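1. Fold the following.
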Amino acid sequence: MDTSQHKISDLSPHLFWDVDRSKIEWDKNPHFLVQRILEYGLDNDWQILKSKYGIKKLAKVATELRSLDKIAMYFVGTISNTPIQKFRCYTLKQLIPHYSGY
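-> Predicted coordinates for the structure are as follows:
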């Protein structure tokens, strides 16, 4: 099975509790998908995300997020060899100490 052909409907339904799943697209909504899957996804969701974007693109998108769960940030940093200082959510937290963006 070619995993790059996964559809949004292959992802866990609980990831889309507040949005219309039919309007989400892999190419148009990578930030939304990466954040939701990293923070709330199951192992299968992670495998689909990884096969769809690859570690390099996934890490690039994750570093651009304004907020990301701390564990997810460290996980992506570790698997992609990206220093946490490169994550936007980390730098925002350092600039604004009371900011709870991760």
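2. Leu42: neighbour count?
-> 13 (other CB atoms under 10 Å). (C-beta placed from N, C-alpha, C; glycine too.)
3. how about it, what does it touch?
-> Leu42 makes contact with Ser12 under the criterion CB atoms under 8 Å, 6 or more residues apart in numbering.
4. distance of it from His14?
-> In this structure, Leu42 and His14 are 9 Å apart, going by CB to CB, to the nearest Å.
5. what ranges do the helices span in this protein?
-> For the chain, the helices defined by DSSP state H occupy 30-40, 43-64, 70-80, 88-95.
6. In a markdown table: those helices, plus distance to Arg21 and mean pLDDT.
-> As requested, the helices of the chain are exported to a markdown table (distance: least, CB to CB, whole Å; pLDDT from 0 to 100):
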| stretch | distance to Arg21 | mean pLDDT |
| --- | --- | --- |
| helix 30-40 | 11 | 96 |
| helix 43-64 | 13 | 96 |
| helix 70-80 | 21 | 94 |
| helix 88-95 | 25 | 72 |
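7. Please identify the most buried of those.
-> helix 30-40 (a mean of 19; mean count of other CB atoms under 10 Å).
8. report the angle between the axes of that helix and helix 43-64?
-> With axes from the mean of the first three to the mean of the last three CA atoms, to 10 degrees applied, the angle from helix 30-40 to helix 43-64 works out at 120 degrees.
9. Give me the distance from helix 30-40 to the chain's centre.
-> 3 Å (CA atoms, centre = their mean, to the nearest Å).
10. do stretch 34-45 as well
-> Distance, stretch centre to chain centre, for stretch 34-45: 7 Å (CA atoms, centre = their mean).
11. Likewise for stretch 46-64?
-> A distance of 7 Å separates the centroid of the chain from that of stretch 46-64, by CA atoms, centre = their mean.
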